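K.L.:
Here is a sequence with its predicted model. Questions after.
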Amino acid sequence: MTVRYVESSKLPTPWGIFEMHGFEDSANNKEHVVLSMGQIEGDEPIMARIHSECLTGDALFSLRCDCGAQLQAAMHKIALQGRGVIFYLRQEGRGIGLLNKIKAYHLQDCGADTVEANERLGFGADMRDYSILKPMLEHLKIKQLKLMTNNPRKVKALQELGVNVVERVAHERGRNPHNAKYLETKKGKLGHLLEGDEGEGQSEDQAKD
């Protein structure tokens, strides 16, 4: 197993106190964290967000994407419920890394969309690997997820790994004039289920897919 648990600590935030669990991924030389609140072990499905690192959106408040707003919304939803988990995976730029992401942004400044930019740099549209989640879920003894996502490919990838996603919960936040093209590309080329922020709160039972 290349992903191992390291340690946990309290993490006070504006939305409440989370437990932060650290994991080391030796195969990729990455460090990932999981934020949890409330009782997460057991058979009852738990609200979850699998969030790929986005320095520009999460920490630098970029409006080019919806990542930062989605992360904050997930923390807020979990705090309201008093129970939930966020997997914060160090897979910047859908897996291409920060510096390549800046290169991709430059290509987008010149007219490419987010998928075309990745492909011109020699990458796939989405290079993320979700297999690293398995040992995290096993360590935390989480068996079923209600996944906050607009990306059906993410749900499928998890189900193919044997992760029981019992429900997809729509999670639209952060739409603005600067990311309109980006969101339309995610919808048109990557299959994201986006209807505008008014669709927030809708859910989709995976048995209906």
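P.N.:
Nice, I can see it. Numbers count the residues shown, from 1 in each chain.
K.L.:
Would you mark the buried spots in the longest helix anywhere in the chain?
P.N.:
When the chain is parsed with DSSP state H, its longest helix is helix 67-81. Of all the residues in helix 67-81, those buried under the rule 16 or more other C-beta atoms under 10 Å are Cys67, Gly68, Ala69, Gln70, Leu71, Gln72, Ala73, Ala74, Met75, Lys77, Ile78, Ala79. Placement of C-beta: from N, CA and C, glycine included.
K.L.:
Please report the distance of Asp66 from Asn118.
P.N.:
With distances taken as C-beta to C-beta, to the nearest Å, Asp66 is found 17 Å from Asn118.
K.L.:
now stretch 149-162, how far from the chain's geometric center?
P.N.:
Taking C-alpha atoms, centre = their mean, to the nearest Å, one finds the center of stretch 149-162 at 11 Å from the center of the full chain.
K.L.:
So what's the model's average confidence on it?
P.N.:
For stretch 149-162, the mean pLDDT works out to 88.
K.L.:
Enumerate the positions of it that are buried.
P.N.:
If you call a residue buried by 16+ other C-beta under 10 Å, then stretch 149-162 has these buried ones: Thr149, Asn150, Asn151, Pro152, Lys154, Val155, Ala157, Leu158.
K.L.:
At the geometric centre of the protein, which residue sits there?
P.N.:
In the chain, the C-alpha nearest the mean C-alpha coordinate belongs to His51, at 2.1 Å (C-alpha atoms, centre = their mean).
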